[in-house]
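1. What follows is a predicted structure for the sequence shown.
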Amino acid sequence: MFSKMMIRHLALFPALTVAATLMVTPASIAAPKPTSIGTFKDWTAYTYKKGAKPVCYVVSQPISTTPKGLNRDPAFFIITHRPADRVRNEANTIIGYPFKKGSTASIVIDNASGFKFFTSGDGAWAGSKETDAKVVRAMKAGSTMVVRGQSQRGTKTTDKYSLAGITAAMKAIDSACPR
């Protein structure tokens, strides 16, 4: 299911999270190695230690993207638990290109639940615990999710994700990273 490129990207995710949290350069930290705790259809659950404390996340890649043939890095959608920081269900996407400054990413689940994520660099986040919780509830009840964004060059993209397996993957990280 996951390409070698995605595995390389996932190996960077903990280092990027720690770097952003500690406000240090990635070169100055030893990246924790994520451990898979299971693949559930189209979603994979991971855990790693930040110091002695667990961090857990689920991740998937789009099943389709448009326009085709763009030169962009792989895209991901991620839900993260960081119990030590009292963070649960943090929803974000890594889009594979720098977003247009001041733009938002649009998240639509089953053509009904629409959410706007704020953007920074190649990432986008829900922005509040309440919205994160609503996104996760909608994902668990849904079957597909569409992420739309605009690059700094003005290119508009659409990434479609399968939500098959998200509920089981979330149960896995709920167990590995309890409140």
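-> Thanks, I have it. Numbering: from 1, shown residues only.

2. what's the helix or strand for the spatially most central residue of the chain?
-> Closest residue to the average C-alpha location of the chain: I78 at 1.9 Å, with CA atoms, centre = their mean. Here I78, judged by DSSP states H and E, is contained in strand 76-82.

3. right, and the helix or strand after that strand?
-> Counting by DSSP H and E, what follows strand 76-82 is strand 87-94.

4. Quick check: buried residues in whichever strand or helix holds V59?
-> Assessed by DSSP H and E, V59 sits inside strand 53-60. Neighbour counts over strand 53-60 (16 or more other CB atoms under 10 Å) mark 54-60 as buried. Every residue, glycine included, has its C-beta placed from N, CA and C.

5. Ok, stretch 148-166 next?
-> Taking 16+ other CB under 10 Å as the criterion, stretch 148-166 shows 149-151, 157, 159, 161-166 as buried.

6. Show me the residues you listed that map onto strands.
-> Of the positions in the buried residues of stretch 148-166, 149-150, 157, 159, 161-162 sit in strands, assigned by DSSP state E.

7. among those, which two are most distant?
-> The span of these, defined through CB to CB, is set by Q150 and S162 at 23.4 Å.

8. ok, the ones in strands among the buried residues of stretch 148-166 vs P83, which is closest?
-> Y161 (25.4 Å).
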